[in-house]
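Enquirer: Here you go, sequence then predicted model.
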Amino acid sequence: MSDEVAGGKTTRDTAGEPAVRRRWRLDARVMLPAVALAVMLAGIFVLQPRAMSYNGLRLLLGLGLPLMFAAMAELCVIAASDIDFGLGTFIGLVNCIAAKYLASEPLLAVAVLAGLVLAYAAMGAFIQVRRLPSIVVTLGASFVWLGLAVLVLPSPGGAVPDWLTHLVRLRPPLVPLPIVAAVLLGLFGHWLFMRTSYGVVLRGVGSTPASLERAGWSLLVARSTLYGLAGVFGVIAGLLVTGLNTSGDATIGAAYTLLAVAAVIIGGGEFVGGVVSPPGAVIGAFIMLLTGALLSFMDVSTDWQLSVQGAILILVLSTRALQRRRS
Amino acid sequence: MRAVPTRRWLNDNRWVWSFTAAALVWLLTIFIADWRGPLATLSTALGFATFYAIVGIGQMLVISTGGIYIDLSIPSVMVLAGYLSMGTMGARDAGLLPGIAVALAVGLAAGVANVVLIRGARIPSMIATLASGFIMQSITIAYSHHSTAKPAPTLLDFSLSHVFGVPTIALIFIVVTVGVGFVLARTVFGRSVLATGQNARAAYLAGIPIPRTIATVYIISGLLAAVAGMLLAAYSGGASLNMSEDFLLMSIAVVVLGGTSISGGRAMIAGVWGASLFLYLIVTMLNVLGVGAGVRYVVTGIIIIVVLALSDQHESA
C-alpha cells in the first residue's frame, strides 16, 4: 500500500544511486528483452528452418528497418519524460512528401523534410516554454500531420526515386541489412545518450530537470534537441517506409506510434525519469515485429498479432515490476 | 496576493471558457451559413458532442485521480463494445437487451482488466491501458470477420430521436453529468478522487481508500466508453473498425480544454461538455466552409494545441 505513495518517486530514487549500480541495473533491463527476442527467434527457426538463412532473415526482419528508427524517435521524446503520440502520422506525412516530391523535385522535398525536423524541434521548445502536457500537444500534432499528409497526397500513390528503393534492398556481405542497421543504430544511440557528455544532459531533461537548470544548462535547448532528434529519426523512418512500399499513403504510419512506444518500453525505457536504452529500443522493435511472423509460422491468424504484442508488453512490464519490488 | 473576486470565480469555474468558445464558434458558423438553421446546427452538434462528452467524463475521473493515471484503452473499448453489442443485436429487437448487457459486460471487463494490470501487476497506467487496448482491438478484428454488427431497430430509432428538438442521448447524458458532478462535489467517493489527485500521500495518510478509488474510476471509464461505443455504433447504423479512431485525442482533449487539470486533483465536469461542443462545432464550421478532410484535420489539431497553450495550466487551484 505504501507503494502507492512511493510510486511516483521510484525513479527519483534511482537517479540518486551510485552510477555503477545504476548502469548494472540498466543492463539488466536490456537483458530481459534480449532473452525474449532470442526465444522468439529460436521459435521461428524451429518452426521454419529456412528463415535461418541470409535471405530468410532479410525477409523476416525487413520491415524492422522503419520500425527501429521509429522506436529511436520515440525514445528521444520519452527520454524527456514526455510521450509522442503523433509519431506515426508524422511518418505517414514524410512518406507522402517523399512519394510526391523526392523523385521529381528532390531539392524541394529535402527542404520540406528539413522544415519538418525544425517543426519537431519547435514543438519541443513550445512544450518546454509553456510547460504543456506533451500527450495532448502531440495528439493535436498527430491531426496536423495527418491533415497535411492528406493535403499532399489525397489518395495513395506517387513515385519513389531509385536510390531509395535500392538503399532498402542493399545486400551487405554475410549479414543482412536489417541486422547491420540495427547494430549500428543501437551502438550510435548508446554512444549518443550514454557516452557523450551532452547525452547526459539530454537524459537529465527527463530525470533531473531542476539540477540541470541549476547547473547552467538550458532546458529549452536540450528539450528542443531531443524533439529535433526525434524529428530526424522520424524522417528516416518515413523514408525507409517509402523505400519499402514504393508508394505514399497518408494512413500508412498510424500503427507506428503505439508500436514505437511499446518497443521503447519493452526495451527498458520508462515513462518518467528519462530512463531509456537505445539498444533495448532496437531489440524491442524487433520483438514487436516478429510477433507477426511467429503467428503466421504457427498458423494462427495475424488478427491476433495485437493481442500477442499486448501480452508481451504486460509480461515484460509485470516482470520488471516484480524485480523492482524484490530489489 | 489576493485575487480579484471575478478572476477568482473564473479560476474556480474554468468551464466558462469552453462554453464561451463554443458559443463564439457557433455564432461564426451560423454567420457563415447566412443565418440558416442556427438551432438545427446546435442540435446536430450537441448530438455528436455527446459521444465525446460520455468518454470525456470517464477520462476526466481517471485523470483527476492524479497525473500518473490515464485511460488509453477508451477507443478500443468503444469499438469492441460497439461490435459485440451490434453483433448480439443482429438488427433484431429481440437482441436489444442482450446487446446492451454485452456492451456493459465489455466495459466492466475492460475496467477490471485495467485495474488488475495497474494495481495488481503494478504496470504504469499508460502501458497497462495501451496493452489492454491492443488486446481488445485484436479481439474486435477477429470478431469483425463474422458478424453483421447492425443495431436493433429500437436502439437505432432511439439514438436518432429528439425531445423538443434536443437529441435524447444528449438529454440523458446531461442528467448523468449532473449526477456525476454531484457525486464529485458532495460524496466521499468524489472527494476521494480529488484528494488522491491533489496529493496521494496526504490522501493515504488521511485514510482514503486509494486502491478502491482508482479501481472505481477505471471501471466507470470502461463502462462509459462501452456505452458510448454501443450508442455510436447504433447512431452510425452499424459498428466499423475505425469508428473510434479520433477518440483517443478527443477523450483527452475535451477533459483538458474543459479546464480539468492534467496533473489531477481538479475536475471541471461542465467543461467536458463545453469543450466537446466547441470541438464538434469547429468541425461543423469547417464543413459549412466546404473544406476537405485534410484542412479539417490540420485546423482541429492546431486549435487544440493553441487553446491548450492559451489556457493557463499552472495557475493555483
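Expert: Cool, got the structure.
Enquirer: Find the residue closest to A:Leu174 in space, skipping its chain neighbours.
Expert: Computed as C-beta to C-beta, 6 or more residues apart in numbering or on different chains, the closest residue to A:Leu174 that is not its neighbour in sequence is A:Tyr54, at 7.7 Å. Using the backbone N, CA and C atoms, a C-beta is placed for each residue, glycine as well.
Enquirer: what about the one you found, neighbour count?
Expert: Look at A:Tyr54: counted by other C-beta atoms under 10 Å in any protein chain shown, it has 14 neighbours.
Enquirer: What distance do you get for it to chain B?
Expert: 32 Å (C-beta to the nearest C-beta, to the nearest Å).
Enquirer: For the most centrally placed residue in chain A, what are phi and psi?
Expert: Taking C-alpha atoms, centre = their mean, the centroid of chain A lies closest to A:Ala71, which sits 0.8 Å from it. Taking degrees, to the nearest 10, you get phi -60, psi -40 for the backbone angles of A:Ala71.
Enquirer: Wait, it touches A:Gly284, no?
Expert: Yes - between A:Ala71 and A:Gly284 there is a contact under C-beta atoms under 8 Å: 6.2 Å.
Enquirer: Common neighbours of these two, please.
Expert: Common contacts of A:Ala71 and A:Gly284, defined by C-beta atoms under 8 Å, 6 or more residues apart in numbering or on different chains, comprise A:Ala263, A:Val264, A:Gly267.
Enquirer: I'd like to know which of those residues are buried.
Expert: Among those, those buried by neighbour count (16 or more other C-beta atoms under 10 Å in any protein chain shown) are A:Ala263, A:Val264, A:Gly267.
Enquirer: Of those residues, just say which sits nearest to chain B.
Expert: Proximity of those to chain B, judged by C-beta to the nearest C-beta, is greatest for A:Val264, which lies at 10.3 Å.
Enquirer: Make sure the closest one is actually in contact with A:Val276.
Expert: Yes - applying C-beta under 8 Å, one finds A:Val264 in contact with A:Val276, separated by 6.6 Å.
Enquirer: shared neighbours of those two, which are they?
Expert: With C-beta under 8 Å, 6+ apart as the test, A:Val264 and A:Val276 both reach A:Leu75, A:Ile78.
Enquirer: give the contact list for A:Thr257.
Expert: A:Glu74, A:Asp84, A:Phe85, A:Gly86, A:Leu87, A:Gly88, A:Thr89, A:Ser142.
Enquirer: Look through the stretch 151-300 of chain A and state the residue closest to chain B.
Expert: Closest point on the stretch 151-300 of chain A to chain B, by C-beta to the nearest C-beta, is A:Leu151, at 3.7 Å.
Enquirer: Would you confirm that that residue contacts B:Val299?
Expert: No - under the criterion of C-beta under 8 Å, A:Leu151 is not in contact with B:Val299, lying 11.4 Å apart.
Enquirer: does the residue nearest to A:Leu174 really touch A:Leu177, like I thought?
Expert: No - judged on C-beta under 8 Å, A:Tyr54 makes no contact with A:Leu177 at a distance of 10.3 Å.
Enquirer: what's the average pLDDT for the helix or strand hosting A:Val46?
Expert: Using DSSP states H and E, A:Val46 sits in helix A:19-47. Throughout helix A:19-47, pLDDT has a mean value of 77.
Enquirer: next structured bit after that helix?
Expert: helix A:54-61.
Enquirer: Give the buried residues for that next one.
Expert: A:Gly56, A:Leu57, A:Arg58, A:Leu60, A:Leu61.
Enquirer: Can you name the residues of the stretch 101-250 of chain A sitting close to chain B?
Expert: A:126, A:130-133, A:135-137, A:139-151, A:154 (C-beta under 8 Å from any C-beta of the partner chain).
Enquirer: 6 Å instead, please
Expert: A:130, A:132-133, A:136-137, A:139-140, A:143-144, A:146-147, A:150-151 (C-beta under 6 Å from any C-beta of the partner chain).
Enquirer: Quick check: which ranges of the chain have low pLDDT?
Expert: As the question left the chain open, I've gone with chain A. A:1-27, A:327 (pLDDT under 70).
Enquirer: Hmm, no, I was thinking of chain B.
Expert: Short version for chain B, where the test is pLDDT under 70: B:1-3, B:312-317.
Enquirer: quick one, strands of it?
Expert: Remark: strands assigned in chain B by DSSP state E are B:162-163, B:166-167.
Enquirer: just those: most buried one?
Expert: Highest mean neighbour count of these: strand B:166-167, a mean of 18 (counted as mean count of other C-beta atoms under 10 Å in any protein chain shown).
Enquirer: Which of the residues of the stretch 101-250 of chain A next to chain B fall within strands?
Expert: Checked against DSSP E, those include nothing in strands.
Enquirer: Alongside chain A, which residues does the stretch 51-200 of chain B contribute?
Expert: Counting by C-beta under 6 Å from any C-beta, the residues of the stretch 51-200 of chain B near chain A are B:68, B:121-124, B:126-127, B:131, B:134-135, B:137-138, B:141-142, B:200.
Enquirer: now the closest residue to B:Pro153 other than its chain neighbours: how far from B:Leu155?
Expert: Counting by C-beta to C-beta, 6+ apart, B:Asp93 is the residue found nearest to B:Pro153 once chain neighbours are left out, at 5.8 Å. Distance, B:Asp93 to B:Leu155, by C-beta to C-beta, to the nearest Å: 8 Å.
Enquirer: more crowded one of these two?
Expert: Taking other C-beta under 10 Å, B:Asp93 and B:Leu155 do not tie; B:Leu155 has more neighbours (22 against 13).
Enquirer: quick one, what contacts the more buried one?
Expert: Going by C-beta atoms under 6 Å, 6 or more residues apart in numbering or on different chains, B:Leu155 touches B:Leu96, B:Ala234.
Enquirer: Make JSON lines from the residues of the stretch 101-250 of chain A next to chain B and add distance to B:Thr50 to it.
Expert: Below are these laid out as JSON lines (distance: C-beta to C-beta, whole Å):
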{"residue": "A:Arg130", "distance to B:Thr50": "31"}
{"residue": "A:Leu132", "distance to B:Thr50": "28"}
{"residue": "A:Pro133", "distance to B:Thr50": "25"}
{"residue": "A:Val136", "distance to B:Thr50": "22"}
{"residue": "A:Val137", "distance to B:Thr50": "26"}
{"residue": "A:Leu139", "distance to B:Thr50": "21"}
{"residue": "A:Gly140", "distance to B:Thr50": "22"}
{"residue": "A:Phe143", "distance to B:Thr50": "21"}
{"residue": "A:Val144", "distance to B:Thr50": "26"}
{"residue": "A:Leu146", "distance to B:Thr50": "24"}
{"residue": "A:Gly147", "distance to B:Thr50": "25"}
{"residue": "A:Val150", "distance to B:Thr50": "27"}
{"residue": "A:Leu151", "distance to B:Thr50": "30"}
